[in-house]
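Chemist: this one's sequence-less:
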């Protein structure tokens, strides 16, 4: 995506009837499509040396092994850079997070990193490893997704085709179902900017580390706005995996129509101020959920799936696993062949960008036309 800065809305503490809000710190102002938090490929992570966080968790990376190619984004909480591992030549995204070096914080980070190491799912960015640098910051290396996020793709190219949207839904719900079933982890921050694409057409979710184990550290550093939060979460109720499903519904609708589904999204690139965000949160809680507009472009099974995701009562929402295994739109998406690589490469070509991945016959053929 173009290397342009974009503004991120934040909110301050303010008492509003019916809302129980936390006040997250501003998210780093990331630049361009690459300014997401990707991860790295596991097939290379045995080639590096060994460092240690505390005494609990050994990691196979060294700061001196990482060659910085360029910075992707930065903020008060840390930086994200595109780097190359010197020994293996693997391209990675390195995320430096500034946290206090207290034992309690470090233990929470170690637990989260262990979960990331254990994740083996094609719908989740691969984790390379992590260590503490000389300043005590946590350094995480993960898979670099060269097409960037669906947030950037949507802003640059408009609404996503329905066949591609089906594959996005398949990847997102498959990843969420895996995280919860295998690790009892909820994402807690699902939105277009946390869904990444590479030039092979792979779609993966990231930043599921913004979870309960890191709410006191990494979450405060990189947390976004609350606009994708489920109504029950805004009101202070317990977070469940069905809260993630609400966020998926909003995300899919936004990608389908090319803008955030609620009314005040017309100026979504503008900060709008804390009051504007609180008004939006009240709208999410108090008004009916948005519906996918009637259009010949949208099949009824897509309308039905989004409506199920956006049930105001969480008890009436399906889980990610239920959607992934039995929803008619998901089942149709799984059966439908889509050349995602051609889709991804076409977006990069329109921006005069090249893949860092090894060209395949399909992508090479597309580049010749």
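Modeler: Cool, the structure landed. Nothing here was measured: the structure is a model prediction, and the numbers come from that model.

Chemist: OK, contacts around the residue nearest to residue 340 when sequence neighbours are not counted?
Modeler: Once flanking residues are discounted, residue 340 sits nearest to residue 201: 2.9 Å by C-beta to C-beta, 6 or more residues apart in numbering. The C-beta positions use only the backbone N, C-alpha and C, and glycine is treated the same way. By C-beta atoms under 8 Å, 6 or more residues apart in numbering, the residues touching residue 201 are 339, 340, 341, 342, 343, 344, 345.

Chemist: quick check: phi and psi on the last one?
Modeler: Torsion angles at residue 345 (phi, psi; degrees, to the nearest 10) stand at phi -60, psi -40.

Chemist: in stretch 244-264, what counts as buried?
Modeler: Judged by neighbour count using 16 or more other C-beta atoms under 10 Å, the buried positions of stretch 244-264 are 244-257, 259-262.

Chemist: in this structure, where is pLDDT below threshold?
Modeler: Within the chain, the segments meeting pLDDT under 70 span 1-60, 75-77, 100-108, 110-112, 114-115, 209-226, 264-275, 352-369.

Chemist: and the helices in it, which stretches?
Modeler: For the chain, applying DSSP state H gives helices covering 103-118, 150-157, 162-183, 218-222, 231-234, 241-257, 273-286, 300-309, 320-326, 328-335, 340-350, 361-368.

Chemist: winner for burial among these?
Modeler: By mean neighbour count, with neighbours taken as mean count of other C-beta atoms under 10 Å, helix 241-257 ranks first of the helices of the chain at a mean of 24.

Chemist: so it versus helix 273-286, what angle?
Modeler: With axes from the mean of the first three to the mean of the last three C-alpha atoms, to 10 degrees applied, the angle from helix 241-257 to helix 273-286 works out at 110 degrees.

Chemist: for helix 241-257, name the packing helices and strands.
Modeler: helix 150-157, helix 162-183, helix 231-234, helix 300-309, helix 320-326 (3 or more C-beta pairs under 8 Å, 6 or more residues apart in numbering; DSSP states H and E).

Chemist: if we can go back for a sec, with distance to residue 74 added, can I get the helices of the chain in JSON lines?
Modeler: Formatted as JSON lines, these follow (distance: least, C-beta to C-beta, whole Å):
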{"stretch": "helix 103-118", "distance to residue 74": "20"}
{"stretch": "helix 150-157", "distance to residue 74": "17"}
{"stretch": "helix 162-183", "distance to residue 74": "27"}
{"stretch": "helix 218-222", "distance to residue 74": "12"}
{"stretch": "helix 231-234", "distance to residue 74": "29"}
{"stretch": "helix 241-257", "distance to residue 74": "25"}
{"stretch": "helix 273-286", "distance to residue 74": "23"}
{"stretch": "helix 300-309", "distance to residue 74": "34"}
{"stretch": "helix 320-326", "distance to residue 74": "32"}
{"stretch": "helix 328-335", "distance to residue 74": "36"}
{"stretch": "helix 340-350", "distance to residue 74": "24"}
{"stretch": "helix 361-368", "distance to residue 74": "31"}
